[in-house]
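Engineer: coords please:
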Amino acid sequence: MANKYMDTDLLDRAIIFAVKAHHNSERRGKGFPYIVHPMEAVEIVATITPDQELLAAAALHDTIEDTDVTLEDIRREFGERVARLVEAESDQFKEGIPEEEDWHERKQAAIDRLHRASRDAKIVAMGDKLSNMRAIYRDYMTQGDALWQIFHVTDKASHEWHYRKLAESLCELNDTFAYKEFVELIDAVFPK
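Structural biologist: As a prediction, this is how the structure comes out:
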């Protein structure tokens with residue numbers, strides 16, 4: 001039986017681009033290639049929508065934050081909509097300030113941006129945030145509170161604040177399986 005045809009050219013190019021951008025980088029404290037995370041984000045987004053631009057943005061969501069790729073590179077290669085979605089999902093770092101010093105401020109800004117974001121941007125963010133929460137849950141089940149030591153900010157309460165605020169900002173997606181899983185994992189790692 002033949003598969004139904006689906007034009008995946010944009011997503012295919014985005015995956016190849018992301019693989020090259022994240023080449024030889026490891027997911028912090030995980031012991032596996034970084035590209036696994038964006039690919040999981042793509043899979044999560046695919047449970048919500050077949051929109052190839054959203055899937056491409058999920059594949060590319062960490063390229064401008066964690067590699068030498070610029071927003072203009074994304075815009076040139078994948079168009080304005082994908083570039084806007086990737087930009088919406090990227091932390092804004094301050095030059096010369098260590099990550100742990102402005103962590104709370106950056107996270108609050110990201111939460112505020114996400115709260116105001118379009119549904120499309122929230123879908124891309126859901127792929128990233130659920131992938132992150134799945135990793136945190138797995139590590140928490142094996143390491144307990146020692147897991148917080150791999151982060152720039154090691155205070156568990158700060159991470160709980162961050163993820164609960166993300167859930168509030170993403171509540172527009174509460175009709176999706178991904179959102180429900182996200183909230184369940186937050187409650188499992190940070191029981192009330």
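
Engineer: tell me the secondary structure at residue 76.
Structural biologist: With DSSP: H, G, I helix; E, B strand; the rest coil as the basis, residue 76 sits in helix.

Engineer: just the helices in this protein please.
Structural biologist: Taking DSSP state H to define them, one finds helices in the chain at 9-21, 36-46, 52-60, 63-66, 71-78, 80-88, 103-116, 119-143, 156-169, 177-189.

Engineer: of all those helices, which lies closest to residue 150?
Structural biologist: The closest of the helices of the chain to residue 150 is helix 119-143. By CB to CB, the value is 8.0 Å. C-beta coordinates here come from the backbone N, C-alpha and C atoms, glycine included.

Engineer: switch the helices of the chain over to CSV; also include mean pLDDT.
Structural biologist: Shown next, in CSV, are the helices of the chain (pLDDT from 0 to 100):
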stretch, mean pLDDT
helix 9-21, 95
helix 36-46, 96
helix 52-60, 97
helix 63-66, 87
helix 71-78, 96
helix 80-88, 94
helix 103-116, 90
helix 119-143, 96
helix 156-169, 96
helix 177-189, 98
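
Engineer: of those, which is nearest residue 27?
Structural biologist: helix 36-46 (5.6 Å).

Engineer: deepest-packed of the helices of the chain, please.
Structural biologist: Per-stretch averages of neighbours, counted by mean count of other CB atoms under 10 Å, single out helix 52-60 among the helices of the chain, with a mean of 27.
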